[in-house]
Each structure stands twice: as structure tokens, then as C-alpha cells.
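Peer 1: my questions are about this predicted structure, shown below with the sequence.
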Amino acid sequence: MKKKSLVIVESPAKAKTIAKFLGSDFIVKSSYGHIRDLPSSKLNIDVEHNFKPTYQILPKSVKIVSELKEAYKKSKDLYIATDEDREGEAIGWHILHVLDLPVGKSKRIAFHEITEKAILKAIESPRQINVDLIDAWQARRILDRLVGYKLSPLLWQKITQGLSAGRVQSVAVRLIVEREEEIRKFKPEEFWEIAVDLAKGKDKFRAELAKIKDKKAVVKSGAEAGKIEKAVKKAKITVGDIVVRERKNSPTPPFKTSTLQQAAANKFGFTVKKTMRTAQTLYEGVDMGNKGHVGLITYMRTDSLHLADEAVKDLRDLIKQEFGEKYLPAKPNFYRSGGRAQEAHEAIRPTHINLAPADIKEYLNNDQFRLYKLIWQKTLACQMTPAITEHTQVKIGVGDYEFSASGTVIKFDGYARVYAHEKNPVLQEKSLPKLTSNEVLTLKKFHQEQKFTEPPSRYTEASLVKEMERLGIGRPSTYASTISTIQDRGYVVKEERSLVPQEIGELVNKFLVQHFPNIVDYEFTAQMEDTLDDIAEGKKEWRPVIKKFYGPFAKEIKEKEKTVDKKELTEEPSDEKCPECGAPMVIKLGRFGKFLACSKYPDCKKTLPLNENGEIEKQETNEKCSKCGKPMIIKHGRFGKFLACSGYPECRNTEPFVISTGVKCPKCGQGELLEKKTRKGKPFYGCSNYPKCKNAFWSKPVGICPTCQGVMTFKKDYPTCENCGFQDKAIK
């Protein structure tokens, strides 16, 4: 029997897509991700012997490794076809180790899109495993393990059990905490917006106050606004300078990882994790009926803006065919990646630009369709001509005051043609009547509105990725895991779309900033990322880099073990007396927030919970235990409040703590929408009639829609109907 070549990838979906291109001479197997890693039970890095790591086969991978070994025994040769980045290179490297194959004899195939042409070309020209990429991956893995496993125990000792620190994650938490501190310190200042409705004959338009006596208008009081109103109503209103400019609006670059994450978050409300998960399915391949599994986009972990020459040619052919010559630039649009673009070597684009979103919609779920359409439109638009608009700016004199009005006319839609049927078009027209200098206008209405300056916005996942990228913190493959980790640890929670630091996150950040400033220093973290890039490019060796970091770090750990006083970090005096022994109680900060504890601990272990306002929270309830009939009391855990039997430890019954929104379920008409939490602690709002009624929402219900009787939830700055989209803009 003729032996076949074995191809190993990391994903079953990817295996299906590749298998159809390779034919009967190949067998394609999946490793189901990483098969070896540092065991979590202990450090597993020998710091005394040049930081030698000890890897083990993961428990979930034991059976898979056995199957891969059997498949390799029956094959004539092996191709490693994992993703073309450091993570993929590491998976391939671990596969070689378990198969007892030397790196020098490996056949590593690399590609950035899963298409027949790309796969066959890769098979024809395999390379070896890139040892420099492996070194860079190991350096990151070992650095993160050293920080996590050396610093976390210190956090347990000095703050509370169960905490952890991470090299990049702790910096992300610092960004969020510092933004929150800015918001708290912010003092709003009053200002007034002034505008007038003017008319030329039957044509009306609005102009805003721009200058007062040739200086930029700043109106700080209602009295001043009233003075302006009186003056404007008496004065002659005359058209001044009219400036007409033609503007070219060029298309923006194709997507890279960070910009795709931001666009999907802003347009669809996707989390960074959801965007990457959905993009992964599009990359690895989707079942398209008779066509089998088809990879629809190029590799989605990239910071490159480059498009392959062949892809550009296909794009230009499609633009010419669909829109005509005038939408096609004389030369292809080129976008410079900037920085040290690495990981993959192309931007994120469709693998087959002729597969329009509408043509393949039936094969995609809703998330896949929306993300694919976003990528398809962006890629097509980036190779089209600029849009041309005519922008008119009119100055209007009213005594000592100058008002300004502007209008925009689209002369040529250019790349915006791709988005012509969208609800929110890229270009919007704003009309002005035909005006001439020195003509007199009529005042129809004077508008004055009191406003206050607003603090900076909290980070969303999208804006946090943008800021991390700006600072050079993390890389395309790390953004999603970093943001997910800081939420899983309870340092940050998401309220609507905003990332809000929790007390425990703020305390850990304060501790790290004071005692380990390098670990959470933005510049230091960015420089370390550059150093990892140097290792990946073969410019530096990884062990000296780790050694240079670890020496001072380990010394600092030992010093802080002796000098940092836990009580100064986690305890505050209070006026409360212990109800059991009468000793003073102190305010402590635990993993789940502040609480009162007896100062005589461990002799007296009495504790009392505190609410968000720092008041003793009532523990007793009117609920009875469903198992033993004793009263249920309110307790606090990782995911917030829950009910526990007062008969503990004899009775260990617990039940969820229910918070009502006061909104009746419109689906069944019987239940009430209650605040609940997922297993990971994420809040959602479901019907009390569950499981008979499974109606649920991620956003908090605030009422019933007056238009269609659907549920109004608070999102997009206003209460918005989940059913018809009606927004109550009277409430913000």
C-alpha cells in the first residue's frame, strides 16, 4: 500500500479546507491547538540553569498525540502547516518534539490564505521550522511565566489570596485605572452653545457662534448668553466671506488586526474576542455546499497593510467591471504599514474578492456575514479613487459677533460607492442656500443651550486596543487574550461597552505602580515588545534578555517580601465594634471588595459585608432554604451576591441572588426581567419564567417601547428599543 504524506494543522476546520486541495496522496490531521506547554502546577523554569523550561504534553492532548504518532508511522513524510506566526511556529515545534523529529529535517509550509494556489505553492517550497520565531515565542512565554508565578504569590501575601499579575495585562489594567482617576478628578465647567436659525427667502439654515470681537467664542454663563441674544436680535445680519473648497476624501487602508477589532466593536458591538473567533472561522474555512470548505479571508493576526500584487490585480479588475474606469485610480493605492509590521505579511482581505457577501450569505451565520461584508467592503474601497466633495464655509456678521455655517455637496462618490446602500453612509451632504457676500439675512430663531465640559470617556475594548497599539504594548496575537484575562480576573468589568476598574484591580495596580514600576511602565513594556521582535528577527538571543530582566526582578521580589506592610495596603480603621467580641473592626479589601473584619483575627473571625456606599449590608432575608427551611442570608462571591443557607456548614445549599429590573417580560407576559450572571460573571437580563420562557438581553432593560411595546435597553447613549430601534433621546 502506497504511503501518504502527513500534513498537521492546529484546527479541524482548517484540516477540512486544506484536505480538499491536496488530493489522495495526503492525509491532513489536526493537533487541536497546542499539545505541550509549561504545566501550571509550578514554575517549571530552571532559573539556576539558564532558564531551561520544562514542557509537558497537555492532558487534553494525550490521545491526540497518540493518534498523530500512529499517523506519522504510516506516512512517508510530514508537513507542518500551522498558522504563520510565532504561536503557529511553536505548535509546529512541539509537534516535532512529540514525534521525536529534529528541527533540521522538518517540512514547514507557510501561507497567509487557505486557497488551492497558496497551499500547492507552499507544498512545493517547504522550509524548516524557524528557530528565531521559536526563541521569540519562548522568551515571551517564559517572561510571562516568571512575572506571573513570582509576583502573584507576593500579591497573595500582601493583599489577598487568588490574585495574579501579568506582564502585559497589568499594564492594560493601569491604563484603565488611570483613565478612571482622570474621570474622578475632572471638574466640569459650564459653557453655552449659541446658534441661530437664519433665512434667505424661503430657505432656512443654521449657523453657530464662532467669534466674539475677532476672538474665538467662549460663552461661560447664561447671563452672557442672554446678552448675546439681545444684541443679535437688534443687529443687522449680513453674509460675510464665502469660501468654497474642493476636498479629496481618500479611502482608508485595508484592515489589520487592531483596526478590524475596532471597526467590529464600533459597528456591531463585538468584543475583541468575538471578532477574532469569528475571523478565525472565516480564515480556516466555511462549508459552502458543493464547493466544500472554503477559506474566505487571509490570516487575521497581522499588523501589515500590504496587499499581494495578485490580489490588487483582482481588486482592480472587479472595480472596473462593477463601477467603471472613473472609480479606478491610475495606479494601485499603496499603504505603508509603519513600525515593525510582523506576524503575517498581508493585510486582512477576502481570499476571493469576486465572492461578494450577498452571494455567500446562505453559507454564513449572521456574525460571519457581517464581519465578512465589513472586510470585503473595506478591501474593495481601499483600491478605489477618492471621493470629491465641495465644502462651503460662510461667515455671517452680526455686530460684534461672527457666526459660521457650512455645507457639503458630494461631487463624486469615489470609494464611498461601495457603502452607497448603508444606513450610515461614509459621506453625508449638508445643504446651504445660495448665498452672496453682503446680502442681509433674516433671524428666525435664537438658540442657547447650557452645557458642561465632559470628562474623558472610559475605555471600551476597541479604544483600549487602539491605545495599546499606539503605545506599542502587545501585538496582534495578544490583544484579545489580554482584554479577556483582565476581565476574567475581576480587575475590570464591562458596563455596557465601557471597561470599569474594580476596587481590587485598583489596589493591585497601586501596589505594582509603587513597588514594581518597571512591570507596569508603558515605555519599558513597549521596549520589551521590540526586544522580542529583535529575537524573532535573529538579532538577539533570548536567554540574555531573560537574564537581564530576571536578576533585578527577583531581587526586588525578595526585598518587597520584607518591607511591604499588608495592613497599610488593605486595612482602614472603622467606628464599628465586633458584634461577637466587642473589639474594634477594621475595613479590609478582599478579592470581592471591601468588608469589615474583627481586629482580633484569627482569635475572632467575624466579618460583615459592606455595600458600594461603605455601609454595613443587611445579610438577613425573608427567603427560606429550600432544603432545610432555615433562613437564607446574603453572601458575596467571585461573581457577586448569592444566597446561602444560614445553617452552613450542616446545610450547604446556595441559590442565586435575584435583582429585578421592574420590567415585565414582553414575550410571555407573565415573568419579570431579572438581572442574572453567566458562569464567568457577565451580567445579563432574563425572564423569571425560565426555562418556560428563555427571553434574555445583554443590555439592562429600562422600560417598554411606546412605539411597538418591545423592551427598551440602555445602549448607544440612549434607551433603545431592542425590537424596532426607537430611541428615547429625552433621556441620556
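Peer 2: Noted; the coordinates are in hand.
Peer 1: alpha carbons only for contacts and neighbour counts from here, please
Peer 2: Will do.
Peer 1: report how many residues lie close to Glu559.
Peer 2: Neighbour count of Glu559, defined by other C-alpha atoms under 10 Å: 12.
Peer 1: hey, C-alpha coordinates of whichever strand or helix holds it in CSV?
Peer 2: Using DSSP states H and E, the element containing Glu559 is helix 542-563. Taking Å, rounded to 0.1, in the frame of the first residue of the first chain, the C-alpha atoms of helix 542-563 are listed here in CSV:
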residue,chain,number,x,y,z
TRP,A,542,16.6,35.1,24.2
ARG,A,543,18.4,33.8,27.3
PRO,A,544,20.5,37.0,27.9
VAL,A,545,17.3,39.0,27.5
ILE,A,546,15.6,37.0,30.2
LYS,A,547,18.6,37.1,32.5
LYS,A,548,18.9,40.8,32.3
PHE,A,549,15.2,41.2,33.3
TYR,A,550,15.1,38.4,35.9
GLY,A,551,18.1,39.4,38.1
PRO,A,552,16.8,42.8,39.3
PHE,A,553,13.2,41.5,39.3
ALA,A,554,14.0,38.6,41.6
LYS,A,555,16.0,40.8,43.9
GLU,A,556,13.1,43.3,44.1
ILE,A,557,10.6,40.5,44.9
LYS,A,558,12.7,39.4,47.9
GLU,A,559,13.1,43.0,49.1
LYS,A,560,9.3,43.7,48.9
GLU,A,561,8.5,40.5,50.8
LYS,A,562,10.3,42.1,53.8
THR,A,563,9.4,45.7,53.5
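Peer 1: model confidence over stretch 434-449, on average?
Peer 2: Mean pLDDT, computed over stretch 434-449, is 95.
Peer 1: would you mark the buried spots in that stretch?
Peer 2: 440-441, 443, 446 (16 or more other C-alpha atoms under 10 Å).
Peer 1: sorry, back to before: and the helix holding Glu559, how far from the chain's centre?
Peer 2: 32 Å (C-alpha atoms, centre = their mean, to the nearest Å).
Peer 1: could you shift the numbering so residue one becomes 712, and keep it that way?
Peer 2: Right, with 712 as the first residue, what we last looked at is helix 1253-1274.
Peer 1: just the closest of the buried residues of stretch 1145-1160 to Arg1060, please.
Peer 2: For the buried residues of stretch 1145-1160, the residue nearest Arg1060 by C-alpha to C-alpha is Phe1157; the value is 50.2 Å.
Peer 1: would you list the phi and psi of the closest one?
Peer 2: phi -110, psi 130 (degrees, to the nearest 10).
Peer 1: any idea how far Thr1424 is from it?
Peer 2: 34 Å (C-alpha to C-alpha, to the nearest Å).
Peer 1: one step back: tabulate the buried residues of stretch 1145-1160 in CSV, adding columns for distance to Thr793 and secondary structure.
Peer 2: Listed next are these as CSV, based on distance: C-alpha to C-alpha, whole Å; DSSP: H, G, I helix; E, B strand; the rest coil:
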residue, distance to Thr793, secondary structure
Val1151, 72, strand
Leu1152, 69, coil
Leu1154, 69, strand
Phe1157, 66, strand
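Peer 1: I'd like to check what contacts the following helix or strand past the helix holding Glu1270. Which residues are they?
Peer 2: For helix 1253-1274, the succeeding helix or strand toward the C-terminus, using DSSP H and E, is helix 1277-1281. Identification of contacts with helix 1277-1281 by C-alpha atoms under 8 Å, 6 or more residues apart in numbering yields 868-870, 1218, 1222, 1298-1301.
Peer 1: ok, now with 7 Å
Peer 2: With C-alpha atoms under 7 Å, 6 or more residues apart in numbering as the test, helix 1277-1281 has contacts from 869-870, 1299-1300.
Peer 1: nearest to Arg878 among the buried residues of stretch 1145-1160?
Peer 2: Phe1157 (55.7 Å).
Peer 1: is it true that the closest one touches Glu904?
Peer 2: No: at 10.9 Å, Phe1157 does not count as touching Glu904 under the criterion of C-alpha atoms under 7 Å.
Peer 1: name every strand pairing with the host helix or strand of Ala1308 and say which way it goes.
Peer 2: Using DSSP H and E, Ala1308 falls within strand 1304-1309. Partners of strand 1304-1309 in the sheet, by DSSP bridges, are strand 1295-1301 (antiparallel), strand 1318-1320 (antiparallel).
Peer 1: who touches that strand?
Peer 2: The contact list for strand 1304-1309 (C-alpha under 7 Å, 6+ apart) reads 1214-1215, 1289, 1294-1300, 1315-1321.
Peer 1: and the contacts of helix 1277-1281, which are buried?
Peer 2: Among these, those buried by neighbour count (16+ other C-alpha under 10 Å) are 869-870, 1299-1300.
Peer 1: same list, the residues you listed, but as CSV with pLDDT and distance to Asp1241 please.
Peer 2: Output for the buried ones among the contacts of helix 1277-1281, formatted as CSV (pLDDT from 0 to 100; distance: C-alpha to C-alpha, whole Å):
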residue, pLDDT, distance to Asp1241
Lys869, 91, 32
Ile870, 89, 32
Lys1299, 87, 40
Leu1300, 79, 37
